[in-house]
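Next one to model:
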Amino acid sequence: MSMLAAGVLAAGFTPGIASAHGGGDDDDKDRKLTSQQRKLVNTLRDVTEEYRSLAEAKEDGYKKVTACVEKKGVGAMGFHYAKNSLIDGKTDARKPEVLVYMPDKQGRYKLVAIEFLSTAKKRPEIAGLKFENGPFPGTFALHAWVWKENPDGMFAAYNPDLHCPK
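Have a look, this model is predicted:
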């Protein structure tokens, strides 16, 4: 792992708010996604299905790197689990760098989103979506709420419906 990736993990994840898609019901939101973006979401669901179990993600090398991330008045992201070997300048929908979990009412951690994290020299994009500035200088990030509906949009950084446990 590079020194930059190590610094990213040490600093924690607090990227700015990504561009959100407009309001309306779920069908309206899905219609606002391009065919490329719908394909990306389907790919992410396929490759992260097994990680809906936190135990499986840990077994595959994802490690907890943050406590629950929340921004007052905006919403929460959740608990971030990163696979260090994937943090680099490449973006591959089949290999998400970070998995984001939130506990349910019974306290069981559920996968809610993935986060792409890149150390690329230039701002990356995937499926026509430009990454936001990442949590550490020289990084870029993009969330995808593939397992939890987000009223602010599929690719918003924070979910206003979520709050960190007290």
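
So what does Tyr101 look like in phi/psi?
Recorded main-chain torsions at Tyr101 are phi -120, psi 150, according to degrees, to the nearest 10.

so who does it touch?
Taking C-beta atoms under 8 Å, 6 or more residues apart in numbering as the definition of contact, the neighbours of Tyr101 are 54, 78-79, 81, 109-112. In this view, the C-beta of every residue, glycine as well, is placed from N, C-alpha and C.

Okay, and the beta partners of the closest residue in space to it that isn't next to it in sequence?
Nearest non-adjacent residue to Tyr101, counting by C-beta to C-beta, 6 or more residues apart in numbering: Tyr109, 4.2 Å away. Going by DSSP bridges, Tyr109 is paired in beta bridges with Pro103.

Touching, Tyr109 and Leu99? I think so.
No. Taking contacts as C-beta atoms under 8 Å, Tyr109 lies outside contact range of Leu99: 9.9 Å.

And those two? Which one has more around it.
Using other C-beta atoms under 10 Å, the more surrounded residue of Tyr109 and Leu99 is Leu99, with 26 against 19.

follow-up on the earlier one: quick one, grab the pLDDT at the residue nearest to Tyr101.
Looking at Tyr109, its pLDDT reads 96.
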